[in-house]
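Q: Give me a 3D structure for the following:
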Amino acid sequence: MDELEISQTSNKLGCSEMDLLFNQINRCGNCEADIRGVPVLVPPVNLSVEDSLKTCALCLGLNNDEFIREIGLEVSNKLTTNHYEPSFFYISATLPLNLTIRCQMLKYYFHKSNLNLKEQLGLNEFRIHQIFKDKLSTSVKEFTGLNSGASQSEGSLEVSVEVLHGLSEREAINLCFGDTKNREGKGKTRHVHRGSKRHRGVAGSLGAGGITHKLLRDKLAAFSYEDYTSRNPGFVDIGCENQIDSVSYSVRLKRNSLFIAGRYNKYSRTLPQTPWVTEGVRRGRTSVEELIGSPILRLLGAERYTFMSSGREDVDVRMLGTGRPFCLEVHDAKIVNVTDGILSEMERLIGKSVMEDLVDEDVKDVVAVKETTNEEDLDAGNVEEFHFHSKRNKLTCSFCANFYKKEENFSADGRLVEVNSLVRVGRDQVGVLNDQDGNDAKTKTYRALVYCSSLPGPDTILKVNSLEGVVISQLTPIRVLHRRSLTARPRTIHSIVLEPLDANHLEVVMETQSGTYVKEFVHSDFGRTTPSLGNLLGVECDLLELDVTDVNVTWPIPMPVSQ
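A: Residues are numbered from 1 along each chain as shown. Sure, this is the predicted structure:
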């Protein structure tokens, strides 16, 4: 039907060109209302019985009320089956690729009939995707009683719906690459992965992600209506095939991450902060991360967690005082209302971490008594102590068996780890914890037991005690050189307080810039740290014990109650 025939028929029937064109395509009330620019959820369009039984050529029946209610009921069932605690929800939807194609073709179809959608209807894009999400959101609220919220909110429930259509793949591939069925030597078909599903594509053409809505929009921008119909000859105009039976869907629920923060104390000198694996072999039975994360995971019914902290201490260093700030990102938790009672129970369960036989067996398994100057072996300094073998600068690694058997390796009642100040925080607080620039401005306080070749004189001790803001230069320590780049790092020692214990031992309390290698500051790491404590005292020094007594930062900050 050419333009003159459309105009004449329109005048005879007493209807507009728009009405006449609408009568030539299958459409649902929602899509027609969207095209006309009127409210979608209450469309003023009265379709005939015959039209209402056909599948919409635009949304392919996705916005059909019965179809939407079916998905809403499925969401409600999954919510009950998976025992998710009620919370705000939001919809994320992946719709068939051919929706993008059909929407663009309808624009061409109207443009061919001299109906400019942008000028006459005031619309730039069809809103099928948004209509689907809005209607589904209403349906989910009806079946579950939950309210919709922002997708960025911590703890919100994501209702993820993927809708597939039988013709989507064929239409998309034909549009982008031509008819792949009857071509010879045009490339083999292969499966490409998108998410957890497999989709067929043209080898060498789709890339790792397959065909996307963006790729289709880019292709369509250079296509005419005739280009489209030539590649999809089975479709007349916008297509009037009834394809509702070709639509399938899947529903997945997932909770946005929750963030539980606090501070931890570590009392053992054989307990690593995170699982300790070297050359594929697990060393030690557990870690601070696991002792904290496992109880929280169980209490919240979560899938997994991610542990973050403000720095880390070596395995043989205790974390005392108010503790080290940490945050646990809890993924897909069933419980979202983290009450004070739940937080208290978390602290109680984590504090039960007692392992009386950790010392003997773990140390026996991971440390051997040996003497060496090999750089690779020096990295084992995490669980071995350096001491002077002679007055020359020859170092030897030697395990001090009695050192690990001291009662002070544990808290007074034998606990390995304790946490305090547990709160739920927002994602913005996690950024503060991991801010590298901010970390450089933080300070930490240490207490060290230091061996000296001879006790410095009173004047020297007084002089060192009065020093403030000593800037040192530290080359990457030998013990971490295999995993860190070789560079010189300036660090500041803000204060030093020395207290003689006997003729060869000092207790040293120092406040340093975050990121300072304190062990190397004491023993100089073969002169790679300058000046070292030994340089300042004029004697040879080595570290015997080290504790972190404070991480000087105000953290965590609780999330506002309204969130």
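Q: can you list the residues that contact the strand or helix carrying residue 132?
A: Using DSSP states H and E, residue 132 maps to helix 128-144. With Cβ atoms under 8 Å, 6 or more residues apart in numbering as the test, helix 128-144 has contacts from 30-31, 34, 40-41, 58-59, 62-63, 65, 68-69, 71-73, 75-76, 79, 86, 89-91, 93, 95, 99, 103, 146-148, 159, 161. Using the backbone N, CA and C atoms, a C-beta is placed for each residue, glycine as well.
Q: ok, residue 150 - contacts?
A: Counting by Cβ under 8 Å, 6+ apart, residue 150 has contacts 88, 90, 156.
Q: mind redoing it with 10 Å?
A: Contacts for residue 150 (Cβ atoms under 10 Å, 6 or more residues apart in numbering) come out as 88, 90, 156, 256.
Q: returning to that earlier point: quick check: buried residues in the helix holding residue 132?
A: By 16 or more other Cβ atoms under 10 Å, the buried positions in helix 128-144 come out as 128-129, 131-137, 139-140, 143-144.
Q: Can you list which of the contacts of helix 128-144 are found in helices?
A: Secondary structure from DSSP state H places 30-31, 34, 65, 68-69, 71-73, 75-76, 79, 99, 103 of the contacts of helix 128-144 in helices.
Q: what two of those are the furthest from one another?
A: Greatest spacing in the ones in helices among the contacts of helix 128-144, by Cβ to Cβ: 79 and 103 (32.0 Å).
Q: what's around residue 145, how many residues?
A: Counted with other Cβ atoms under 10 Å, residues neighbouring residue 145 total 9.
Q: Now the phi/psi pair for it, please.
A: Phi and psi for residue 145, reported as degrees, to the nearest 10, are phi 80, psi 0.
Q: Now do the same contact list for the closest residue to it other than its chain neighbours.
A: Excluding the flanking residues, the one nearest residue 145 by Cβ to Cβ, 6 or more residues apart in numbering is residue 86, at 7.5 Å. Applying Cβ under 10 Å, 6+ apart, we find residue 86 in contact with 79, 144-147, 157, 336-337.
Q: how close does residue 86 sit to residue 334?
A: 11 Å (Cβ to Cβ, to the nearest Å).
Q: For the closest residue to residue 434 other than its chain neighbours, pull up the helix or strand it's in.
A: Take residue 434 and drop its neighbours on the chain: the residue closest to it by Cβ to Cβ, 6+ apart is residue 308, 6.4 Å away. Using DSSP H and E, residue 308 falls within strand 304-309.
Q: what element comes up after that strand heading to the C-terminus?
A: Next along the chain after strand 304-309, taking DSSP H and E as the criterion, comes strand 318-331.
Q: what does the next helix-or-strand element following that following strand rub up against?
A: Later in the chain than strand 318-331, the nearest helix or strand by DSSP H and E is helix 340-350. Helix 340-350 is contacted by residues 260, 262, 264, 288, 291-296, 298-300, 328, 335, 338-339, 415-424 when judged by Cβ under 10 Å, 6+ apart.
Q: For beta bridges, what are the partners of residue 499?
A: With beta bridges defined as DSSP bridges, residue 499 has these partners: residue 507.
Q: so it makes contact with residue 507?
A: Yes. Using Cβ atoms under 10 Å, residue 499 is in contact with residue 507, at 4.6 Å.
Q: So for the two, which sits in the more crowded spot?
A: Counted by other Cβ under 10 Å, residue 499 and residue 507 do not tie: residue 507 has more neighbours, with 14 against 11.
Q: circling back: neighbour count says what about the contacts of residue 150? Which are buried?
A: Buried by 16+ other Cβ under 10 Å: 88, 90, 156, 256, out of these.
Q: Show me which of those is closest to residue 432.
A: The closest of these, once distances to residue 432 are taken by Cβ to Cβ, is residue 256, at 19.4 Å.
Q: so what's that closest one up against?
A: The contact partners of residue 256, taken as Cβ under 10 Å, 6+ apart, are 87-88, 90, 149-158, 331-333, 336, 427.
Q: gap between the spatially closest residue to it that is not a sequence neighbour and residue 257?
A: Of all residues not flanking residue 256 in the chain, residue 156 sits nearest, at 4.8 Å (Cβ to Cβ, 6+ apart). Taking Cβ to Cβ as the measure, residue 156 falls 10 Å from residue 257.
Q: same question, residue 323
A: Plainly put, residue 323 is 23 Å away from residue 257 if you go by Cβ to Cβ.
Q: Report how many residues lie close to the spatially closest residue to residue 288 that is not a sequence neighbour.
A: Closest residue to residue 288 apart from its sequence neighbours, by Cβ to Cβ, 6+ apart: residue 273 at 4.7 Å. Using other Cβ under 10 Å, residue 273 has 21 neighbouring residues.
Q: cool, residue 493 as well?
A: Residues near residue 493, counting by other Cβ under 10 Å: 21.
Q: ok so it is a strand residue?
A: Yes. Under DSSP: H, G, I helix; E, B strand; the rest coil, residue 493 sits within a strand.
Q: if we can go back for a sec, shared neighbours, residue 86 and residue 334?
A: Contact with both residue 86 and residue 334 is made by no residue, according to Cβ under 10 Å, 6+ apart.
Q: follow-up on the earlier one: isn't the residue nearest to residue 434 up against residue 293?
A: No. Taking contacts as Cβ under 10 Å, residue 308 lies outside contact range of residue 293: 11.0 Å.
Q: Touching both of these two, which residues are there?
A: Counting by Cβ under 10 Å, 6+ apart, the shared contacts of residue 308 and residue 293 are 326, 328-329.
Q: where exactly do the helices run in the stretch 401-550 of the chain?
A: Applying DSSP state H, counting those that start in this stretch to the stretch 401-550 of the chain gives helices spanning 427-433, 436-441, 458-465, 518-523, 533-537.
Q: quick one on the thing from earlier: point out the other elements, helices or strands, that the strand holding residue 308 touches.
A: With contacts taken as 3 or more Cβ pairs under 10 Å, 6 or more residues apart in numbering; DSSP states H and E, strand 304-309 sits against strand 258-266, helix 288-300, strand 318-331, helix 427-433.
Q: For those, give me CSV that also has distance to residue 458, mean neighbour count and mean pLDDT.
A: Formatted as CSV, the helices and strands packed on strand 304-309 follow (distance: least, Cβ to Cβ, whole Å; neighbours: other Cβ atoms under 10 Å; pLDDT from 0 to 100):
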stretch, distance to residue 458, mean neighbour count, mean pLDDT
strand 258-266, 35, 24, 96
helix 288-300, 40, 21, 96
strand 318-331, 29, 22, 96
helix 427-433, 43, 16, 84
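Q: Out of the ones you listed, flag the one nearest residue 476.
A: Nearest of these (Cβ to Cβ): strand 318-331, 23.0 Å.
Q: so what strands line up beside the closest one?
A: Its sheet considered, strand 318-331 pairs with strand 258-266 (antiparallel), strand 304-309 (antiparallel), strand 541-552 (parallel) by DSSP bridges.
Q: Report the buried residues of the longest one.
A: This points to strand 541-552. For strand 541-552, by 16+ other Cβ under 10 Å, it's 541-543, 545-548, 550-551.
Q: out of those, who's nearest residue 220?
A: residue 551 (55.9 Å).
Q: and the closest one, how far is that from residue 421?
A: With Cβ to Cβ as the criterion, residue 551 and residue 421 are 12 Å apart.
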